[in-house]
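Asker: Task: produce atomic coordinates for the following.
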Amino acid sequence: MRREALIASIVGLNLLFAVPLVAGADPPLVESPLLPAPDSPPVNGEAADQRAPEPVEPARAEAEKSETPLPESAEIETSAARITTADEDPPVEPASFKGLRPGVSSALDLQAALGAPTEVREEGGVAEHAYEVEPFDRVTVSVDDGKVATIVISMRQRFTSDALAKELGLEGIRAVDITDAKGKPLGLAYPERGVLFSFVPSQSEQQVAQVILDRVDPQSFVLRAETNQRKVTTASLKDLEVAETLDAGFARIYWVRARIMISIGDAESAVRAARRAVQLEPGSAEYRLTRAEALAAVGDYLGAAAETKDVLSQRDLANELKAQALLQLGDQIAAGPARDYRQAVDHHLQAIRTAKPLVDDEREAIRQSARQTLFEAHLAVANDIAWGPWLRKSEVVPMWLKRATTLVDESSDEDALQLCRQSLAACVGVSEQMDPAPFAEKAVELGEKLIASAEDPLARRRQQRELGMALYDALQAHHARREFEPALKLGLAAVEHLEQTHDPAAHNSPGQAYLMGRLYFRIGSIYAIHHQDHGQAIPWFEKAVPLIEQPLAVSALGDAGRQGESLVSMGVSFWETHHQEEALRITTEGLRLMEQAVNRGILADTALAVPYGNLSSMHQTLGNLQKAHDYRQMASRLDRPERR
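Answerer: Numbers count the residues shown, from 1 in each chain. Reported below is the predicted structural model:
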């Protein structure tokens, strides 16, 4: 069950009691975003000479407020007195009406409290008892299996939702909006009390037509967690814990938890939660796509791609999920060991073509999903081109980034930061041909603003991680342009943010550990190579080595060559600062990883000349003459590049 179940509870009850809730004109349709040219430019020559696909321009396409207090005779009890301070979670306790509590009170309790009903109707084994209770227009109580199930109080006097919440002592509870498929507000839910406010339709101001008391159930807690996960992440996780105590078999609990864990960088926890969601509801394509995303986050790109392809093979897959799956598959192929950017861009373009018609869908959730997919797919195409074997990359990449800019939600600084981060990643791919400085400056501005405004610690952690990742790419982009001072400055800032999101004692996120190792290595390399200061480089390398040495995921072994080269490079600084034993050890380990990469066809064998030569010199100095001779012979068989 999902948010639709809460919607159905309001719509169904109001239809039963003849209070219509759906009225008014449809919301305005959003502007149609970019559709890239379906016919890509022809391939000229070999794959390495392929022209990058260019984007094309798109076609442009009152109620009175009542301040009358609720009469004391209403006898709606929400136990508000038990809400102590704003820092404490309100207790979970169902509200009552004249002492009647849904899920607790019996049919005999109902008779004692309200007497004989004016009308009784039965449907599907549920009896609906109608009463005339002042000062209300009507009170209807449903009885299921001898227990009071739901109490619907139809209001004679209209109240705004804020005023009524204050009268009932509910202002200490975070309400969650309930909307229909078109995004129109239907009411509010107060999860800890099992209270729903049902709104008068077609009013500019939210006025309450009915107060519905129900059992406390997991659905409203999960809906609140899902709705607020970006802003109050910690509270959302607590909501999921409460929901789990109410119904541990409710699959959406674990799906929302997985989404949150992915967003804060806890990939292993995300995998566990997503697996549980799929176990409980194996037919959900949405849950399976999240499991695939979580697998990619821990570096299992092959497993992630296999899961995503399986979802795409479903005949009845909804188009919004198809677009999302195509986007994910392109990302997984681009990041996986093969780094097949041509295949990735094909999937990303398909995602754009699939999502584009959906931005005019009357359902709000579909429109939002389509817009987000289009935004992310445009950024993905920009990066595919930046990192892939294309011509005119420095011309075409900015075109795709510009089109992505038109898809940014203007009210979302998070979208704008994501645009900066992906633009900086593209700068790294294009190398010296794109200036990263404007993107880095904007990323710092947006990231610091988001961090400062984040009151929730986990939400702040997510923003620090996003900014830190953007700054890491800015470091790499400036380094490629030999702009070492801005690279160092941005790298140190990246460390400041990422160290606050990375737990060195945690061994469940190898990808994050490796990334931190690469960051430390990059900073140390600037000191070692540009400043020629091995002493300043060593503290950074000492932090980098144990992280870079951690085993890579099987499907991420495409990085083995770079992993080995980093160790070999750091070995020079250890040697120059008289840490000879460590220098020899990590250079030998780096050579082993590079040889693995050569055997897999990932790295050219000529790259081995550097570690062979370095090891020959080291063993010569240490008096290991035979080993020195052997490594010198191996190096001589290869074209010797400049050492280091």
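Asker: where does the stretch 501-644 of the chain dip in pLDDT?
Answerer: Applying pLDDT under 70 to the stretch 501-644 of the chain flags residues 503-510, 553-558, 639-644.
Asker: just so I have it, where are all the strands in the stretch 151-300 of the chain?
Answerer: In the stretch 151-300 of the chain, the strands defined using DSSP state E, counting those that start in this stretch lie at 176-179, 185-190, 195-199, 207-213.
Asker: Find the centremost residue of this protein, please.
Answerer: Closest to where the C-alpha atoms of the chain average out (Cα atoms, centre = their mean) is residue 263, at 3.8 Å.
Asker: So that residue sits against residue 461, correct?
Answerer: No - using Cβ atoms under 8 Å as the test, residue 263 is too far from residue 461 to be in contact (9.5 Å). Where C-beta positions appear, they are placed from N, C-alpha and C, glycine not excepted.
Asker: returning to that earlier point: would you mind finding the most buried of the strands of the stretch 151-300 of the chain?
Answerer: Of the strands of the stretch 151-300 of the chain, the one with the most neighbours on average (mean count of other Cβ atoms under 10 Å) is strand 195-199, at a mean of 26.
Asker: hey, where'd the helices end up in the stretch 501-644 of the chain?
Answerer: Along the stretch 501-644 of the chain, the stretches classed as helices by DSSP state H, counting those that start in this stretch are 510-525, 534-548, 560-576, 580-599, 609-621, 625-636.
Asker: Next up, phi/psi of residue 148, please.
Answerer: Here is the backbone geometry of residue 148 (degrees, to the nearest 10): phi -70, psi 120.
Asker: Quick check: phi and psi at the nearest residue to it once chain neighbours are set aside.
Answerer: Excluding the flanking residues, the one nearest residue 148 by Cβ to Cβ, 6 or more residues apart in numbering is residue 105, at 4.3 Å. Per-residue torsions, residue 105: phi -70, psi 150 (degrees, to the nearest 10).
Asker: I figured residue 105 hits residue 99, correct?
Answerer: Yes - Residue 105 lies in contact with residue 99 (Cβ under 8 Å); the separation is 7.4 Å.
Asker: Residues that sit against both of those two, list them.
Answerer: Contact criterion Cβ atoms under 8 Å, 6 or more residues apart in numbering; residues shared by residue 105 and residue 99: residue 113.
Asker: Between those two, which has more neighbouring residues?
Answerer: Shown here are residue 105 and residue 99; by other Cβ atoms under 10 Å, residue 105 has more neighbours (23 against 13).
Asker: which residues does the more buried one contact?
Answerer: Each residue near residue 105 by Cβ under 8 Å, 6+ apart is listed here: 96, 99, 113, 147, 148.
Asker: Out of those residues, grab the one that's most surrounded.
Answerer: Compared across these, residue 148 has the highest neighbour count, 25 neighbours, by other Cβ under 10 Å.
Asker: contacting residues for that residue?
Answerer: Counting by Cβ under 8 Å, 6+ apart, residue 148 makes contact with 100, 101, 102, 103, 104, 105, 106, 107, 109, 110, 141, 142.
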